[in-house]
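okay, sequence plus prediction incoming.
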Amino acid sequence: MRYTTAGQLWNIIAPREFVDFSYTTDHDDGLLSCGISLDYGEVRPSFVRGFNHPCGWFCIPLKENPGRSLLTGFIQTDLRGMLPQAAVDTAMASTLTTFYSDLRKALKT
């Protein structure tokens, strides 16, 4: 997968581009998705190439309520570039909040 993120904090954090190998499979009535970034291809000049260390997402239906699932994610993202840690922490928290909010909306439809 090759994907990009928008700039954050009024573009103090430039847009990032990631190239990841990702694999998703069924696991114990749920889903397991894992991935890692690859150093592959040219970096587009308007993006900083970020890197995802080994990561994974587990989506497991709740036995007591089969209409609901527990989503657990483990990510280790290196945004790379010259960034103040406080800016990275703020942007990552905001991005993850938006991700879960968008995911929840998508699953409801």
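Ah, there it is.

CA only for contacts and neighbour counts going forward, please
Noted.

report the contact partners of the residue positioned nearest the centre of the chain.
The centre of the chain sits closest to I75, judged by CA atoms, centre = their mean, with a distance of 7.0 Å. Contact analysis of I75 by CA atoms under 8 Å, 6 or more residues apart in numbering lists 52-56.

and the residue lying closest to S37 once chain neighbours are set aside, how many neighbours?
Leaving aside its sequence neighbours, S37 sits nearest to D20 (CA to CA, 6 or more residues apart in numbering; 4.0 Å). Counted with other CA atoms under 10 Å, the neighbours of D20 add up to 20.

what's in contact with the host helix or strand of D20?
Here D20 sits within strand 16-27, counting by DSSP states H and E. Strand 16-27 is contacted from outside by 1-7, 31-40, 43, 47-52, 79, using CA under 8 Å, 6+ apart.

direction included, what does that strand pair up with?
If you go by DSSP bridges, strand 16-27 pairs up with strand 2-5 (antiparallel), strand 30-37 (antiparallel), strand 48-49 (parallel).

dump that strand to PDB, restricted to CA.
Provided in PDB are the C-alpha atoms of strand 16-27 (Å, rounded to 0.1, in the frame of the first residue of the first chain):
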ATOM      1  CA  ARG A  16       3.900  12.200   5.000                       C
ATOM      2  CA  GLU A  17       4.000   9.300   2.500                       C
ATOM      3  CA  PHE A  18       4.200   5.700   3.600                       C
ATOM      4  CA  VAL A  19       4.800   2.500   1.500                       C
ATOM      5  CA  ASP A  20       3.700  -0.500   3.600                       C
ATOM      6  CA  PHE A  21       3.400  -4.200   3.100                       C
ATOM      7  CA  SER A  22       0.100  -5.200   4.800                       C
ATOM      8  CA  TYR A  23      -1.500  -8.500   5.300                       C
ATOM      9  CA  THR A  24      -5.000  -9.200   6.600                       C
ATOM     10  CA  THR A  25      -6.500 -12.600   7.500                       C
ATOM     11  CA  ASP A  26      -9.300 -14.200   9.500                       C
ATOM     12  CA  HIS A  27      -8.300 -15.200  13.000                       C
END
